[in-house]
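*Asks:* Starting from these lines, generate the structure:
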Amino acid sequence: LITQLLFAELPVMSQGSLVGAIDQGTSSSRFIVFNSHTLETVFSHQVELIVDYPQTGWVEVDAASVYETVVFCMKAVENKLSHSLKAIGITNQRETCLLWARKTGKPATPAIIWSDLRTAEIAKNLQAKYTSEEKEAYRLKCGLPFSTYFSGIKLKWMLDNYNLWDSWRNRELLFGTIDTWLIWKLTNGVHVTDVTNASRTMLMNLETLDWDSELCNIFGIKPDEGLPRIVSSAEVYGTIRNDLPFGNVVISGCLGDQHAALLGQGCFAPGSAKTTYGTGLFCLCNAGTQPIFSHNGLISTVGFKLGVNQPTLYALEGSVAGGGSLIRWLRDNLCIIKSAKEVESLANTVPDSAGVCIVPAFSGLLAPHWDSTARGILIGFTQFTNTGHIARAALEALAFQVCDLLSALESDGISMEVLSADGGATRNTLLMQIQSDLANIKVQLSSHAEATALGAALAAAIGAEIYSVNFLRENIFGSVSSSASFTPQIKPQERKRRKEFWAKAIERCKNYDV
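*Replies:* Next comes the predicted model:
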């Protein structure tokens with residue numbers, strides 16, 4: 001099940017403690033070691049994760065293989081590392097969740113991935129069951145709408161469809177998102193989740209930062225039945241088991257992937273924002289110490305809480321499922337590229353998309369549209385169309401979706417002069433130029449393309465008391481310079497024409513009936 005992707009080695013810097021980061025994403029698992037003060041990558045290892053699609057709209061992964069790939073990466077780095085680690089942080093694909101046996105640790109279900117659509121009927125029934133006023137009251141409690149996206153609905157589906165209600169009521173099962181699963185497996189059964197991951201379940205009250213009985217009741221569960229204890233994003237949760245790589249090293253940082261990227265980009269100030277180009281596309285804006293509620297299809301979530309006694313920072317977020325997953329589809333399904341990096345050179349063989357447009361609604365549309373019935377479309381092709389046009393249309397689709405998120409933020413009163421970008425796809429310079437052109441904004445790349453893993457390492461450093469939040473903000477991020485930038489190059493009329501065409505394509509893919 002393990003396919004090796006990458007092993008990288010850089011010189012160990014003399015200044016600063018070494019901190020590890022487990023970056024468990026939708027498509028791969030990685031273990032990266034950072035110098036906690038220079039923020040340089042010292043070692044990294046990555047393996048691809050085998051994702052299963054058992055039915056149309058279903059997306060899942062074997063939970064045991066998730067754990068195995070993480071340990072494999074840790075072992076590969078440990079074999080090369082001559083210095084000890086001070087701490088390890090975890091960042092993970094959010095909303096993906098599973099159930100496992102409390103006594104044996106054996107998974108009772110696969111891990112249902114965040115973009116999965118099998119819960120569409122439950123989401124539809126909940127939408128119909130409650131009045132508009134009730135749904136709004138619930139949204140103000142947890143920050144989230146009723147959607148297939150979030151973990152609480154997935155939990156109910158698993159209990160219903162795997163006939164697990166009796167085991168759940170008898171406290172024989174444990175529930176968790178991927179962070180909880182990994183911490184439980186890597187330690188001697190510590191069952192916790194941090195506030196950022198808990199805020200993606202529809203079960204946590206945004207103000208109290210605890211499981212909410214009223215929210216849990218929507219899904220027929222009780223907070224004390226099998227939910228993990230909610231903790232901050234930076235504190236010592238436990239130590240790695242002796243029989244595993246890096247045994248006895250503390251796990252002292254945990255954040256959902258997009259929250260880790262928010263920290264990794266140094267977005268401490270209210271109004272600061274980042275956009276991550278990964279399997280999905282995610283734009284988060286720091287909302288300060290009080291949640292802000294959108295009127296334009298965005299969600300309210302916890303940004304991060306860097307310690308038990310530290311303030312909780314909230315965020316306003318726009319999430320899109322069809323990001324890097326679209327490029328992977330070009331590779332694995334259409335077979336027009338052999339690797340993700342080839343999409344740029346293929347798209348550069350043509351000057352434009354020649355009227356071709358792709359809406360990658362593989363799992364419906366998330367923010368700001370929230371239509372689980374939408375399906376992907378590829379339109380506008382003629383006999384003139386070639387693979388270059390399709391590749392270019394795919395890159396444009398990523399950029400257009402981010403434009404929709406930025407427009408929603410602007411409608412909520414948040415405008416940005418600069419778009420701070422991170423994630424693997426930011427290495428694609430054509431994509432970044434297209435993004436700048438279509439959004440009419442300067443795109444500034446993070447000095448760390450992989451800000452997600454860095455954020456987990458920084459949280460671990462804070463949790464292990466290597467340094468304080470203030471020291472990180474003032475002394476470390478204060479000396480970090482940004483990378484390349486891109487500025488708009490197209491005329492306003494051309495931008496307007498292309499965005500209007502995209503808006504029509506979005507409408508065409510909605511309410512799709514097979």
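
*Asks:* Going by C-alpha atoms from here, please, whenever you check contacts or count neighbours.
*Replies:* Noted.

*Asks:* Could you list the alpha-carbon positions for stretch 417-425 in PDB?
*Replies:* Taking C-alpha atoms only, stretch 417-425 is exported to PDB below (Å, rounded to 0.1, in the frame of the first residue of the first chain):
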ATOM      1  CA  GLU A 417      -4.800  43.900  -1.500                       C
ATOM      2  CA  VAL A 418      -2.500  40.900  -1.600                       C
ATOM      3  CA  LEU A 419      -3.400  37.200  -1.800                       C
ATOM      4  CA  SER A 420      -0.900  35.100   0.300                       C
ATOM      5  CA  ALA A 421      -0.600  31.700  -1.300                       C
ATOM      6  CA  ASP A 422       0.900  28.400  -0.200                       C
ATOM      7  CA  GLY A 423       0.500  24.700  -1.000                       C
ATOM      8  CA  GLY A 424       2.100  22.400  -3.600                       C
ATOM      9  CA  ALA A 425       0.300  24.000  -6.600                       C
END
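
*Asks:* Please identify the buried residues of that stretch?
*Replies:* 418, 419, 420, 421, 422, 423, 424, 425 (16 or more other CA atoms under 10 Å).

*Asks:* ok now the helix or strand hosting the fourth one, how far from the chain's centre?
*Replies:* It stands for residue 421. In this structure, residue 421 sits in strand 418-422 according to DSSP states H and E. Strand 418-422 has its C-alpha centroid displaced from the chain centroid by 16 Å (CA atoms, centre = their mean, to the nearest Å).

*Asks:* and it, what other elements does it pack with?
*Replies:* Counting contacts by 3 or more CA pairs under 8 Å, 6 or more residues apart in numbering; DSSP states H and E, strand 418-422 is packed against strand 273-277, strand 442-445.

*Asks:* Over to residue 214: give its phi and psi.
*Replies:* In terms of degrees, to the nearest 10, the main-chain angles of residue 214 are phi -70, psi -40.

*Asks:* and what of the one 4 residues further on?
*Replies:* With angles defined as degrees, to the nearest 10, residue 218 sits at phi -60, psi -40.

*Asks:* Could you do residue 238 as well?
*Replies:* phi 170, psi -170.

*Asks:* mind showing which ranges of the stretch 301-450 of the chain have poor pLDDT?
*Replies:* 449 (pLDDT under 70).

*Asks:* all helices of it, in order?
*Replies:* All helices of the stretch 301-450 of the chain, identified by DSSP state H, counting those that start in this stretch, fall at 324-332, 342-347, 387-411, 429-439.

*Asks:* Redo those helices as CSV? Include distance to residue 212.
*Replies:* Listed next are these as CSV, based on distance: least, CA to CA, whole Å:
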stretch, distance to residue 212
helix 324-332, 34
helix 342-347, 45
helix 387-411, 28
helix 429-439, 39
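
*Asks:* contacts for the strand holding residue 421?
*Replies:* 261, 273-277, 441-446, 448-451 (CA atoms under 8 Å, 6 or more residues apart in numbering).

*Asks:* try 7 Å this time
*Replies:* 273-277, 441-446, 449-451 (CA atoms under 7 Å, 6 or more residues apart in numbering).

*Asks:* same question, stretch 138-157
*Replies:* 95-97, 114-115, 117, 119-120, 123, 126-127, 199-206, 219, 299-301.

*Asks:* circling back: show me which of the buried residues of stretch 417-425 is closest to residue 171.
*Replies:* residue 423 (39.4 Å; CA to CA).

*Asks:* I'd assumed residue 450 was in contact with that closest one.
*Replies:* Yes: taking CA atoms under 7 Å as the definition, residue 423 is a contact partner of residue 450 at 5.3 Å.

*Asks:* which residues in the stretch 251-400 of the chain form strands?
*Replies:* With DSSP state E, counting those that start in this stretch, the ranges of strands along the stretch 251-400 of the chain come out as 273-277, 281-288, 299-304, 313-320, 357-359, 377-379.

*Asks:* Surely residue 100 touches residue 64?
*Replies:* No: here residue 100 lies out of contact with residue 64, judged by CA under 7 Å, at a distance of 10.5 Å.

*Asks:* ok, these two, which is more surrounded?
*Replies:* residue 100 (21 against 16; other CA atoms under 10 Å).
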